[in-house]
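Asks: 3D model of this:
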Amino acid sequence: METLRTDVVVVGLGAFGSAALWRLAARGVNVIGVERQAIGHALGSSHGITRLFRIACMEHPGLPPIAQKSLELWTALGTQTGQVLVEQTGSLNAGPPGSEPVAGALAAAAKAGVPVVELDHAELVARQPQYGALGADDVGVWDPGAGICFPEPIVQAQVDAARQAGARVFAHTLVAAVEVERDGVLIRTPTVEIRSERVVVATGAWLGKVVPGLPLTPRRTPLYWFEPRDPASDEFTLERFPAFIWQRSGGTGFWGHGSADGYGVKLGLENDGRVAGTPFADADEVDRYVHPRGDVDEISTAVAEAFPGLDPIPVKLLPCIVTDSPDGQFLIGRPDDTGRLVIAGGDSGHGFKHAGGLGELLAQLTLDETPYCETTFLDPRRFTGRG
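Replies: Okay, here's the model as predicted:
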């Protein structure tokens, strides 16, 4: 079996891994990327045509600099490749004043100096008449720099940029083992062995299988697309129905955005600040079937109440995977003291928008550079007391 030698190996080339490969290669690092599936595949967490892109991120006040770095990198990459990778149409967070979408977005915006617009109840109703079941005290926070981004083109563009900078890529290649040794790292696959100084493992829902002992729980999370009841209506276009997160008082919350350029109105359920889904134990055994009753009934009932202008039966449904950490924040950095292993995972349903910025951060951590932002809240060792 052929043995290759390199400085860094990146295992997993989804959102986080492809970004890390790109940012390492951009520095001139001798790097190899390994992906079990095709580049930009639909079997993990980095697919689904669009993702919300937010800057005033409600999940943690330390996140806006990472989203801003993603925007900076993806804007430049899109200019180089002639693509729009982020569409800044703005994004709305709605709910009661103390809800996570509202209070969290305001806290993040205040800490990062992100300009947002607060909407009182009357302004929210006037701005989004499509919302049919607003609570009496629901208010909004408008993030003008937010919008949507495009996962499959971004992953492909990051890998292509890495290749152009000198990275070698092995797609359709299963990593059987990642062995961290005293003098280096050994990556075993059925066709090639790779020896390196360091490794970045970014295998999404499979991260806990490749690096055992991490407190991660994968969940099956369907993605849904809908159409207006009136085919001639334009009230659910992206311009009039922009990206949003809405925590309803005493009810199921939503996230989503309007339609444009051939894709439909995309909606998903939100429960207690988390994207809804069903936990499972083994990423290799995730249920990829579509269940018309189990997958559709709950969201259709909620859509009929919340957005009466939409046909509540989805026109398309696609299973996706979310991987939760205990506190809902990513695991980015070194999980042990070897200095050779860096991990990236725990997307917790809000990871893609940060992928470009996390790729830069992963490159810095791997190469012992000074990080461009605070990383303590992302450190994998925060769960073991070793951070």
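Asks: how far is stretch 93-112 from where the chain is centred?
Replies: Here the centre of stretch 93-112 is set off from its chain's centre by 19 Å, with C-alpha atoms, centre = their mean, to the nearest Å.
Asks: how long is it end to end?
Replies: Using C-alpha to C-alpha, to the nearest Å, the end-to-end distance of stretch 93-112 comes to 17 Å.
Asks: can you give me the buried ones in the longest helix anywhere in the chain?
Replies: In the chain, with assignment by DSSP state H, the single longest helix is helix 64-81. Of all the residues in helix 64-81, those buried under the rule 16 or more other C-beta atoms under 10 Å are 64-71, 73-74, 77-78. All C-beta spots, glycine's among them, are computed from the backbone N, C-alpha and C.
Asks: which one of these is nearest to Pro380?
Replies: Distance to Pro380 across these (C-beta to C-beta) is lowest for Ile66, with 16.1 Å.
Asks: so who does the nearest residue to the closest one once chain neighbours are set aside touch?
Replies: Nearest residue to Ile66, sequence neighbours excluded (C-beta to C-beta, 6 or more residues apart in numbering): Gly357, at 3.8 Å. Shown here is Gly357, whose contacts under the criterion C-beta atoms under 8 Å, 6 or more residues apart in numbering are 65-70, 73, 373.
Asks: max pairwise distance over the residues you listed: which two?
Replies: Most distant of the contacts of Gly357, by C-beta to C-beta, are Leu73 and Cys373, 13.4 Å apart.
Asks: lowest average confidence, helix or strand, in the chain?
Replies: Least confident helix or strand of the chain, by mean pLDDT, DSSP states H and E, is strand 274-275 with a mean of 70.
Asks: can you give the strand pairings for the helix or strand following that one, parallel or anti for each?
Replies: With elements assigned by DSSP states H and E, the helix or strand that comes after strand 274-275 is strand 278-279. Applying DSSP bridges to the sheet, strand 278-279 is found paired with strand 217-226 (antiparallel).
Asks: which residues are contacting the partner strand?
Replies: Strand 217-226 is contacted by residues 48, 205, 208, 263-268, 275-280, 283, 286-287, 290, 295, 299, 303, 307, 310-324, 349 when judged by C-beta under 8 Å, 6+ apart.
Asks: one more pass at 6 Å, please.
Replies: When contacts are defined by C-beta atoms under 6 Å, 6 or more residues apart in numbering, strand 217-226 is touched by residues 48, 205, 264-267, 275, 277-280, 283, 286-287, 295, 299, 310, 314-324.
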